[in-house]
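Enquirer: Pasting the sequence and the predicted coordinates here, then a few questions.
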Amino acid sequence: MTRFTRRRFVQTATTAAVAAPWMADLVLGAPKAPRSKNDRFRIGAIGVGGRGTAIMRHAMRFGDVVAVCDVDRKHAERARQVAGGKAEIYEDYRKLLDRKDIDFVTIGTPDHWHTAPCIAALKAGKDVYCEKPLTLTVEEGQILCRVVKQTGRVLQVGTQQRSEMGLRFLRAVATVRSGQLGTIRRILVQLPLSTKEGGPFPPQPVPEHLNWDFWLGQAPKVPYCPQRCHFTFRWWYEYSGGIMTDWGAHHMDIVQWALDVEHGGPESIDGSRTKMPNIPGGYNTPKYPVVDMIYPGGVKVEVRGGNEGILFEGTKGRIYVNRGRITGKPIELQDQDRQLYEPVLELMGKLYRGSKPGSHMGNFIEAVRQRSTPVSDVVSQHRSVSACHLANISCRLQRKLRWDAKAERFIGDDEANGMLSRPQRAPYQIEG
């Protein structure tokens with residue numbers, strides 16, 4: 001096993017500086033935290049459950065949280081204490097966005113509540129760091145791409161595998177795109193088997209500290225039960241896309257980055273072998289996704305449940321990468337031969353658009369300061385999560401589908417095209 005450590009990356013970057021001048025300045029880390037109070041951002045945190053509070057903490061290195069918002073009062077009060085006890089609490093994110101003193105917002109809401117506050121924040125002149133998966137539907141991503149372009153604001157999506165994890169994924173992408181694996185023939189994407197199974201779940205009284213109607217938002221009106229809310233919302237199709245969007249948003253992003261189709265997608269999707277759950281009133285996303293996709297050039301991408309990671313197979317070799325390691329003969333050869341390693345390192349820098357990898361929030365802050373495009377930009381993230389949405393649609397229809405990536409439409413399938421968007425409950429419709 002070869003570990004791509006911080007020390008090794010910095011040492012190699014430094015020694016290779018003559019061949020590639022940018023490497024001398026490429027060190028792991030984020031932009032330095034501002035020393036002066038006048039240099040610090042004023043932050044609003046929207047959705048402050050577990051993950052929402054975590055990204056708020058990351059943002060606090062660069063600014064002061066002046067407002068927190070959550071439809072669960074307990075979440076909001078806890079986040080307020082984490083932020084220092086002075087932030088104002090809101091239940092309605094729109095009131096938070098009315099504040100003129102907020103520079104950017106973090107959004108850590110459930111998935112079905114990502115797009116609406118993103119749009120509102122962008123139109124209110126705020127930059128946005130939004131958790132993945134970016135959207136609930138393909139249509140939402142199309143709207144977000146238009147709004148980001150119209151407003152000129154910065155939107156970073158929380159697919160932190162692009163910036164962090166010891167840069168293993170960035171190295172894997174650069175290795176593939178450098179040609180050292182030859183022509184890519186097959187990619188195996190393994191998603192964790194963390195999906196909950198069970199139900200039906202009986203209705204329970206709505207907790208006094210939770211605005212259940214607001215939490216449901218655009219989703220259908222249903223009685224409250226705790227299994228629908230907070231962390232386990234992921235296993236309900238009404239609010240998310242199961243493991244296919246929860247982890248698939250990370251790994252399919254790396255796949256499309258490596259294949260250089262960040263603005264494209266698959267040509268066909270076949271989820272017909274996926275066994276769908278059938279428990280009325282229970283979790284309704286599959287635990288074991290079985291999806292086969294064909295990408296341009298005949299590359300076969302297989303999505304399965306299993307140990308988390310990605311296997312790239314080419315005509316000259318293969319590599320495996322996950323959050324703990326990167327392995328394979330091409331990686332061993334890079335470590336032994338500087339001439340093989342240097343072009344990969346140089347490509348890593350170019351793929352990261354010249355900024356310093358190591359902190360995903362830091363990359364966002366750099367983009368905000370420089371008014372540049374962050375590494376997890378809206379278009380690439382719309383396209384990668386779209387691949388996950390397409391997989392879910394194929395699984396639910398139990399048939400193979402053909403996709404026109406340029407038009408963003410299924411070919412010859414009106415029923416499937418009707419699933420690129422969803423009915424939205426009033427008064428929570430998304431306005432683009």
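Expert: All right, it came through fine.

Enquirer: Domain-wise, how is the chain divided?
Expert: For the chain, the domain assignment from automatic domain parsing gives the residue ranges 29-162, 165-352+379-417.

Enquirer: of all these, which lies closest to residue 426?
Expert: Nearest to residue 426 among the domains of the chain is domain 165-352+379-417 (9.0 Å), distances taken as CB to CB. Where C-beta positions appear, they are placed from N, C-alpha and C, glycine not excepted.

Enquirer: Endpoint to endpoint, the closest one covers what distance?
Expert: As for domain 165-352+379-417, its first-to-last residue distance stands at 36 Å under the measure CA to CA, to the nearest Å.

Enquirer: re earlier: quick one: closest of the domains of the chain to residue 425.
Expert: Between residue 425 and the domains of the chain, the tightest spacing by CB to CB is seen for domain 165-352+379-417, at 5.5 Å.

Enquirer: So what's the gap between that closest one and the chain middle?
Expert: A distance of 10 Å separates the centroid of the chain from that of domain 165-352+379-417, by CA atoms, centre = their mean, to the nearest Å.

Enquirer: now it: mean pLDDT?
Expert: Throughout domain 165-352+379-417, pLDDT has a mean value of 97.

Enquirer: Likewise for stretch 355-363?
Expert: The model assigns stretch 355-363 a mean pLDDT of 91.

Enquirer: sorry, back to before: out of the domains of the chain, flag the one nearest residue 431.
Expert: Closest approach to residue 431 among those (CB to CB): domain 29-162, 7.2 Å.

Enquirer: circling back: tabulate the domains of the chain in JSON lines, adding columns for mean neighbour count.
Expert: Shown next, in JSON lines, are the domains of the chain (neighbours: other CB atoms under 10 Å):
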{"stretch": "domain 29-162", "mean neighbour count": "21"}
{"stretch": "domain 165-352+379-417", "mean neighbour count": "19"}
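
Enquirer: Just put those domains in a markdown table and tack on distance to residue 361.
Expert: Listed next are the domains of the chain as a markdown table, based on distance: least, CB to CB, whole Å:
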| stretch | distance to residue 361 |
| --- | --- |
| domain 29-162 | 4 |
| domain 165-352+379-417 | 14 |
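
Enquirer: These: which one's closest to residue 428?
Expert: Go through the domains of the chain one by one with CB to CB and the one that ends up closest to residue 428 is domain 165-352+379-417, at 4.4 Å.

Enquirer: thinking again about what came up before, looking at the domains of the chain, which is closest to residue 360?
Expert: Nearest to residue 360 among those is domain 29-162 (4.0 Å), distances taken as CB to CB.

Enquirer: mean confidence for the closest one?
Expert: Taken as a whole, domain 29-162 has an average pLDDT of 95.

Enquirer: I'd assumed residue 135 was in contact with residue 420.
Expert: No. Applying CB atoms under 8 Å as the test, residue 420 and residue 135 come out as separate, 10.8 Å apart.

Enquirer: which residues are in contact with both of the two?
Expert: Shared contacts of residue 420 and residue 135 (CB atoms under 8 Å, 6 or more residues apart in numbering): residue 389.
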